[in-house]
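K.L.:
Structure for the following, please:
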Amino acid sequence: MYHLLYHSQALQPFNTPALTALLHQARAFNREHHLSGLLLHTPDGRFLQILEGEEAVVRALYYDHIAVDPRHHHCHLLGAGACAERSFADWNMGFRVANAAELHALLAAGTPHSLVLFAPQPRVRPEMLKLLLDFVAHHELEPADYL
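P.N.:
Residues are numbered from 1 along each chain as shown. A predicted model of the protein is given here:
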């Protein structure tokens, strides 16, 4: 099992129909490829996403599709690597709306305080997984528009 976490900034606003279309497409792809995960979106157009599944599938999705998607920029890999089990196994693609302050807090808490030069690819920190699970547990289910 492998997971990958990134954040990015949309180049144009994602309104409800655009987010709904994105979620339907992602959920269909993820269901077909046995992926799970969570997508957070802020009204100012930022995304935070974690993907879980077979390493080759997750990496191909991120590097060949997500990272080069022209709808967003500043796509930044926060961590990736092997994991013992899925954290979001119940969702092909869970979705929550976050505000800018919540996303900032998640990013700040999930980023190591000391940077190591020439370090290998960053790992998804257990603290970040716990924060994401807590965030989901304490936020409303997605609006019916996105189902």
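K.L.:
Show me which residues of stretch 69-84 are buried.
P.N.:
Residues 72, 75, 78-80, 83 are the ones in stretch 69-84 that count as buried (16 or more other Cβ atoms under 10 Å). For every residue, glycine as well, the C-beta is placed using N, CA and C.
K.L.:
Please apply the same query to stretch 21-32.
P.N.:
Buried, per 16+ other Cβ under 10 Å, within stretch 21-32: 22-23, 26-27, 30.
K.L.:
Restrict that stretch to CA atoms and write it as PDB.
P.N.:
Taking Å, rounded to 0.1, in the frame of the first residue of the first chain, the C-alpha atoms of stretch 21-32 are listed here in PDB:
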ATOM      1  CA  ALA A  21     -17.700  17.200 -12.100                       C
ATOM      2  CA  LEU A  22     -14.200  16.900 -10.600                       C
ATOM      3  CA  LEU A  23     -15.400  14.600  -7.800                       C
ATOM      4  CA  HIS A  24     -17.500  12.400 -10.200                       C
ATOM      5  CA  GLN A  25     -14.500  11.900 -12.500                       C
ATOM      6  CA  ALA A  26     -12.100  11.300  -9.600                       C
ATOM      7  CA  ARG A  27     -14.500   8.800  -7.900                       C
ATOM      8  CA  ALA A  28     -15.100   6.800 -11.100                       C
ATOM      9  CA  PHE A  29     -11.300   6.600 -11.800                       C
ATOM     10  CA  ASN A  30     -10.500   5.700  -8.200                       C
ATOM     11  CA  ARG A  31     -13.200   3.100  -8.000                       C
ATOM     12  CA  GLU A  32     -11.900   1.500 -11.200                       C
END
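K.L.:
from the chain's centre, how far out does it sit?
P.N.:
14 Å (Cα atoms, centre = their mean, to the nearest Å).
K.L.:
residue contacts, residue 30?
P.N.:
36-37, 51, 53, 92-93 (Cβ atoms under 8 Å, 6 or more residues apart in numbering).
K.L.:
repeat that for 10 Å
P.N.:
36-37, 51-53, 57, 61, 91-93 (Cβ atoms under 10 Å, 6 or more residues apart in numbering).
K.L.:
quick one: which of the residues you listed sit in strands?
P.N.:
Among the contacts of residue 30, the members falling in strands (DSSP state E) are 36-37, 51-53.
K.L.:
Fine, thanks again, bye for now.
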